[in-house]
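> Here is a sequence together with a model predicted from it:
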Amino acid sequence: PAVIGELLDSTLSILDFRLRRTEVRIERHVTHDEPVLCYPGLINQAFMNLISNAIDACEGPDGLVEVHVDVSEGHLEIRVADNGPGVPPELVERIFAPFYTSKEPGKGTGLGLAISREVADLHHGTIELNRARPVGAEFIIRIPMVAPGAHEAAAEEAGGLAEDSEPVGSESVGSESVGS
């Protein structure tokens, strides 16, 4: 088990230099501070991918990325939103495909959203683009809150994961702004 706010803080720490360089502001809203059964390294990877994409989408002094961690209807809900231009409707169906990128050549690999989808799948969850958002883009990962051992049993059935499940970081709860 891991405290998701701690995993988020770990990712934000890694992104700190980039956030300062791009002038994007992060708003962190964590309302669930209890340990959650998950693969921490994989959750960190999903945070890194989604937050990095959001930073790319809204670089500049007016750029804002909001990260929310809540529990809703029996699911851990991770939402990453930005105030960039959003995802054009004609691209929505392709954005989770491996190696698909809408970024300029050399800027992206097209793996971030595909990997984030795999992370959600491995946790028996989902990831989706919130199409109702009027400005920017918002990606929502929902992971079921399950009994201890459920993810491990599923991973064993699937052949296991080469992923450490020790939590990282220090306890942190609440809302705060990070970056400039």
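Alright, I've got the coordinates. Residues are numbered from 1 along each chain as shown.
> I figured residue 37 was touching residue 3, is that so?
No - between residue 37 and residue 3 there is no contact under C-beta atoms under 8 Å: 11.6 Å. Backbone N, C-alpha and C define where each C-beta goes, glycine included.
> who's more crowded, the two?
Applying other C-beta atoms under 10 Å to residue 37 and residue 3 shows that residue 3 carries more neighbours, namely 23 against 19.
> May I have the phi/psi pair for the closest residue to residue 18 other than its chain neighbours?
Leaving aside its sequence neighbours, residue 18 sits nearest to residue 55 (C-beta to C-beta, 6 or more residues apart in numbering; 6.5 Å). Backbone torsions of residue 55, given as degrees, to the nearest 10, read phi -60, psi -50.
> what's the spacing between the residue nearest the centre of the chain and residue 61?
By C-alpha atoms, centre = their mean, the chain has its centre lying nearest to residue 47, at 3.1 Å. For residue 47, the distance to residue 61 equals 23 Å [C-beta to C-beta, to the nearest Å].
> ok, now residue 92?
28 Å.
> which residue ranges form the helices in this protein?
Ranges of helices within the chain are 4-22, 40-57, 112-122, 150-157, based on DSSP state H.
> Below-threshold pLDDT in the chain: ranges please.
Flagging of the chain using pLDDT under 70 yields the residue ranges 97-106, 108-111, 147-180.
> rerun that using 90 as the cut-off
Along the chain, the model assigns pLDDT under 90 to residues 1, 18-20, 22-23, 32-34, 36-37, 57, 59-61, 86-114, 131-134, 145-180.
> quick one on the thing from earlier: I'd guessed the residue nearest to the centre of the chain sits against residue 11; true?
Yes - the pair residue 47 and residue 11 passes the contact test of C-beta under 8 Å, sitting 4.1 Å apart.
> Residue 92 and residue 61: which has the busier surroundings?
residue 92 (12 against 9).
> So the more buried one versus residue 3, what's the distance?
According to C-beta to C-beta, residue 92 stands 33 Å off from residue 3.
> Right, I'll call it a day here.
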